[in-house]
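In: What shape does this take:
(chains A and B)
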Amino acid sequence: MDWLFLTEVSLAGIGAGGLYALTGLAFVLIYKATRVVNLAIGEILMVGAYVFFGFSAGLALPFWLAAPGTLLVSGLLGAGIERTLIRPMLGENPISIFMLTIGLGSILVGLVELVWGANPLRLPEFMPTQPLFLGEAYVSPKVATAFAVASLVVTAFLILFRFWRGGVALRATASDQAAAYSMGIDVPKVFSLSWVIACMTAGAAGMLVGAIGGISPTMGVFGLSVLVVVIVGGLDSVLGALIAGLAIGLLEALAGAFLGGEYKTLTTFSLLVLVLMVRPHGLFGTHEIERL
Amino acid sequence: MRIGTAKTSYLADEALFDTAVQRRWMVALLAALVLFPLFAGPYWLYLGCLVAINVASATGLNILTGFTGLVSLGQAAFMGVGAYTVAWLEINLGTPFLLNLIIGGCSASLIGMVVGAPSLRVKGLYLAIATIAASVILHFLFANWTAVTGGASGLTMPPATFFGTPLDQPGKLYWVIMPITVLMVLGAANLFRTRVGRAFIAVRDRDISAEVLGIPLLRTKLTSFALSSFYAGVAGGMWAYFFRVITPESFPLVMSIFFLAAIIVGGMGTILGGILGATFMTMVPEALKLIVGGLSPWLPDAVALLSPVRTIVFGALIVGFLIFEPRGLAEAWRRLRRFFHLWPFKT
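Out: As a prediction, this is how the structure comes out:
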């Protein structure tokens, strides 16, 4: 076997896995705080990429203005979605909310197509392009940058969750809403906060994904891979999302290189079925006990 | 006002159509379905067939999701299994179409049972995602098992023949599709008067309680999966005879979402809901097409707007119904009926 090739493929896979982990984190954040399975995460990511396109190509803003602008718009989008669509569904059957996010995804795709058209577009270059070598293995500079940014953001998150007041409030709400509320935490505000942060994260991931592979209204399918990631890792486990993100990225790259591109989704979804059969709550998810 | 409906036996109370008025309306509806092809043009016949196919499939999904509480996003893939089976039989063996449809339904139902097997351990959203996985895997099979499915270019099949007459027009196929759908819907409605159907409902309401009451969970859930995918398979078979070209892209995940949306919009857990929802969701894109066509003299690029607007309306219908009318069109229908039942007294 060609070890250099294997290393290169693995590195590219882990690089892509960083983006899965980042988006998976956004997904887990919403699930932990509000118990909403947000299937629109891929579409929110797509909207983020298009907003960045609008700022940097449409309005010709420099990168240091376009990127914070994108994060701002993504955050506002998250707040708007939470306040107008998710809050009225509080306490409803989880399946209904799950379907609601599917409908939301469809609306977002339609809106983006209406504004920017259905054709794939390219984001303006904002990442370094000189080739990068780790030892002898070639790594695409874009993937490497994306991975670096993703790991920075993830680290920042972990620190925020641990030490920032809002992060502690988030974790408290996730573990017991009633207890958190009685300790003076404004739980509805935490719901909004989790959506804002998650959508900003997804928007950032959208910029990175779009910079690597270009943008199109169908790039929301990225969300399907993220779904595999969070289910395999366990819906409510941050650690699970990070590990599974890297693992799925690696697995996808290996399957693509050694079996062929069409085997990518087959492999990851087969893994998903396997994990569900053995551990129905994911590798790191908490097993909920049902009582009558 | 509702009068003259005193029941003297349990059987009469449980009858599918329990009042004379209702029976007369049903006869009128059947007559309308029979007379429809005499008055409708080819476009309306085409729509009628499409609606009937979607109603059959949505009713199947309603058995699984609405009545047994198992959310599935694999309905389109099960339809695909039925469609490919039917096409393969028609091309390679040339067996009669009714037999093909039944075999198509049975093969889909076998696959459905395999997909449903994890449902004892995996519940709720995890199950929904497991069915997404199943549909991705089936889609891969459709696209890559070239010997049977024809790979990416798919299968092209001859029309169904009825005693030598090819059923190649929607007007002729209507007489196959419509009666089968009516039978399937009636079958589903009757199912929930039997022990099996009641067991489904008990499992939906609380599966652990149902098990305590002596309902075998795995068997009930698998039966539900099998029945639901049988409906999907037969609907897929009719779809195959209707369009006669089947490619892996014919049954995308979006189509599964469409059926789930149809029963949400129509009303989960009611037979009427499946019918109303599937009809409504099939007609909305056509209505949009008409509106856009009407607007085109004023809006020159109206046709280009059609696809995104359709996507937005599709999503907005799901979201809107979930927030404002969670019980769907069936509930609106029930309100309308109540108004007439209480008519002279409540104004």
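
In: quick one: the lengthiest helix in chain B near chain A?
Out: In chain B, ranked by residue count with DSSP state H as the criterion, the top helix is helix B:217-243. No - residues of helix B:217-243 contacting chain A under CB under 8 Å from any CB of the partner chain: none, with a closest distance of 12.5 Å. (Each C-beta comes from the backbone N, C-alpha and C, glycine too.)

In: Now find how far off-centre whatever helix or strand comes next after that helix is within its chain.
Out: Moving toward the C-terminus from helix B:217-243, the next helix or strand (DSSP states H and E) is strand B:245-246. Counting by CA atoms, centre = their mean, to the nearest Å, strand B:245-246 is centred 20 Å from the centre of its parent chain.

In: quick revisit: flag every buried residue along the longest helix of chain B.
Out: Under the neighbour-count criterion of 16 or more other CB atoms under 10 Å in any protein chain shown, helix B:217-243 has B:220-243 buried.

In: same check, this time on stretch A:29-46
Out: A:29-34, A:36-46.

In: do the same with stretch A:108-120
Out: Here stretch A:108-120 shows A:Leu108, A:Val109, A:Gly110, A:Leu111, A:Val112, A:Glu113, A:Leu114, A:Trp116 as buried, counting by 16+ other CB under 10 Å.

In: A:Asp236 contacts A:Glu288, correct?
Out: No - A:Asp236 is beyond contact range of A:Glu288, at 9.4 Å (criterion: CB atoms under 8 Å).

In: Would you mind telling me which of these two has more residues around it?
Out: A:Asp236 (21 against 9; other CB atoms under 10 Å in any protein chain shown).

In: Quickly note the distance from that one to B:Thr85.
Out: 40 Å (CB to CB, to the nearest Å).

In: Which elements pack onto the one helix or strand B:Val51 maps to?
Out: Element membership for B:Val51, per DSSP H and E: helix B:42-61. Here helix B:42-61 touches helix B:20-39, helix B:75-92, helix B:170-191, helix B:217-243, helix B:253-266, helix B:271-295, going by 3 or more CB pairs under 8 Å, 6 or more residues apart in numbering or on different chains; DSSP states H and E.

In: gap between it and the chain center?
Out: With CA atoms, centre = their mean, you get 8 Å for helix B:42-61.

In: and what of stretch B:254-266?
Out: For stretch B:254-266, the distance to the chain centre is 9 Å (CA atoms, centre = their mean).

In: Pull out the buried residues from that stretch.
Out: So, applying 16+ other CB under 10 Å, buried residues of stretch B:254-266: B:Met255, B:Ser256, B:Ile257, B:Phe258, B:Phe259, B:Leu260, B:Ala261, B:Ala262, B:Ile263, B:Ile264, B:Val265, B:Gly266.

In: Sort out which one of the residues you listed lies nearest B:Phe200 for me.
Out: B:Ile263 (14.6 Å; CB to CB).

In: Now do the same for the nearest residue in space to that closest one that is not next to it in sequence: its pLDDT.
Out: In space, and not counting its chain neighbours, B:Ile263 is closest to B:Asn62: 4.9 Å by CB to CB, 6 or more residues apart in numbering or on different chains. With respect to pLDDT, B:Asn62 scores 95.

In: Please report the number of neighbouring residues for B:Asn62.
Out: Neighbour tally, B:Asn62, other CB under 10 Å: 31.

In: just B:Gly214 next, same as before
Out: Neighbour tally, B:Gly214, other CB under 10 Å: 7.

In: separation between it and chain A?
Out: Going from B:Gly214 to chain A by CB to the nearest CB, to the nearest Å gives 15 Å.

In: Now that residue, what are its backbone angles?
Out: The phi/psi pair for B:Gly214 (degrees, to the nearest 10) reads phi 100, psi 20.

In: Any chance of the backbone angles for the nearest residue to B:Tyr241 once chain neighbours are set aside?
Out: Of all residues not flanking B:Tyr241 in the chain, B:Ala160 sits nearest, at 4.9 Å (CB to CB, 6+ apart). The phi and psi values for B:Ala160, taken as degrees, to the nearest 10, are phi -70, psi 150.

In: Enumerate the beta-bridge partners assigned to B:Ala160.
Out: Counting by DSSP bridges, B:Ala160 forms beta bridges with B:Leu167.

In: can you pull the contacts of it?
Out: Each residue near B:Ala160 by CB atoms under 8 Å, 6 or more residues apart in numbering or on different chains is listed here: B:Glu90, B:Phe97, B:Pro166, B:Leu167, B:Leu173, B:Val176, B:Tyr241.

In: give me that answer again for 6 Å
Out: B:Phe97, B:Leu167, B:Tyr241 (CB atoms under 6 Å, 6 or more residues apart in numbering or on different chains).

In: Now render the buried residues of stretch B:254-266 as TSV, adding pLDDT.
Out: Below are the buried residues of stretch B:254-266 laid out as TSV (pLDDT from 0 to 100):
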residue	pLDDT
B:Met255	94
B:Ser256	94
B:Ile257	93
B:Phe258	94
B:Phe259	95
B:Leu260	93
B:Ala261	93
B:Ala262	94
B:Ile263	93
B:Ile264	91
B:Val265	92
B:Gly266	93
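
In: Show me the shaky parts of the chain.
Out: Answering for chain A, as no chain was given. Applying pLDDT under 70 to chain A picks out residues A:1, A:292.

In: actually it's chain B I care about, not the one you picked
Out: Ranges of chain B meeting pLDDT under 70: B:1, B:347.

In: Give me the buried positions along stretch A:181-191.
Out: A:Ile185, A:Val187, A:Val190, A:Phe191.

In: Quickly name whichever of those residues is closest to A:Thr84.
Out: Nearest to A:Thr84 among the buried residues of stretch A:181-191, with distances taken as CB to CB, is A:Phe191, at 12.8 Å.
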